[in-house]
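Peer 1: this one's sequence-less:
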């Protein structure tokens, strides 16, 4: 039987948006936010330049008919769709790779804000620098967990009739991954292993899906998704403090 509270899980992201506005947490929200904006601004600029060249090449292959030459706007609509898909499926992975050292410390500060007790992880900027390799390795573990399962769901999507179920499974899996992704930050601060984290979230699966659902939806909204990531870290920390029930190993 599934355990947890789905509706309570839904509330954690909203609580996270409230927490990121607190003075003691703002700095570790702003730094990765600025880094993400700069990175994606550069990536989208070069993608636009590349796509403009591809459009010009494609238009050069078409017959010299006026109505065909006016179809370049359709290609730009395609570019917009590609950008949206990138934001939906690639943003969270890249944003977390960039900001993972900061998000671990943000989770630590959030836990202190919620409980009034400091977590003894060394603290400070030097600790953030020392934690970079470990934080990146945790992100790699999550990617390695995600990819084979995503590939399996992608294959199911090509099977007639089954692909209708695959779409629902894909979305449910993304909700689960969002919970796993962000609760990992406070879990890592407590030195909980990645397998232990998965078991712990599985024990409160309804709460985990409730938390992951709005995160998965808002991650697909341009601009909003820039703020979802730090809010999700804070919301996941609130989840950890209140109901994670994960054995610290």
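Peer 2: Looks like it came in fine. Owing to the predicted nature of the structure, the values given are computational and were not obtained by experimental measurement.

Peer 1: contacts, neighbours, all on C-alpha from now
Peer 2: Fine.

Peer 1: can you tell me which helix or strand residue 2 belongs to?
Peer 2: If you go by DSSP states H and E, residue 2 is not part of any helix or strand.

Peer 1: how far away is it from residue 193?
Peer 2: Look at residue 2 and residue 193: by CA to CA, to the nearest Å, they are 23 Å apart.

Peer 1: So if I had to pick from these two, which one is more boxed in?
Peer 2: residue 193 (15 against 10; other CA atoms under 10 Å).

Peer 1: Distance check, that one against residue 229.
Peer 2: Computed as CA to CA, the residue 193 to residue 229 distance reads 22 Å.

Peer 1: Poorly predicted segments of this protein, please.
Peer 2: 1, 43, 47-48, 50-92, 119-129, 157-158, 160-161, 163, 245-249 (pLDDT under 70).

Peer 1: Let me see the ranges of the helices in it.
Peer 2: Along the chain, the segments classed as helices by DSSP state H run 6-19, 23-61, 66-69, 72-89, 91-115, 124-156, 162-189, 194-203, 205-218, 224-243.

Peer 1: In the last one, which residues are buried?
Peer 2: Which is helix 224-243. The neighbour-count check on helix 224-243 (16 or more other CA atoms under 10 Å) flags 225-240 as buried.

Peer 1: and it, what other elements does it pack with?
Peer 2: For helix 224-243, the elements it packs on are helix 6-19, helix 23-61, helix 91-115, helix 162-189, helix 205-218, judged by 3 or more CA pairs under 8 Å, 6 or more residues apart in numbering; DSSP states H and E.

Peer 1: make it 6 Å
Peer 2: helix 6-19, helix 162-189 (3 or more CA pairs under 6 Å, 6 or more residues apart in numbering; DSSP states H and E).

Peer 1: Same list (those) but as a markdown table, adding mean neighbour count and distance to residue 49.
Peer 2: Putting those into a markdown table (neighbours: other CA atoms under 10 Å; distance: least, CA to CA, whole Å) gives the following:
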| stretch | mean neighbour count | distance to residue 49 |
| --- | --- | --- |
| helix 6-19 | 20 | 35 |
| helix 162-189 | 20 | 31 |
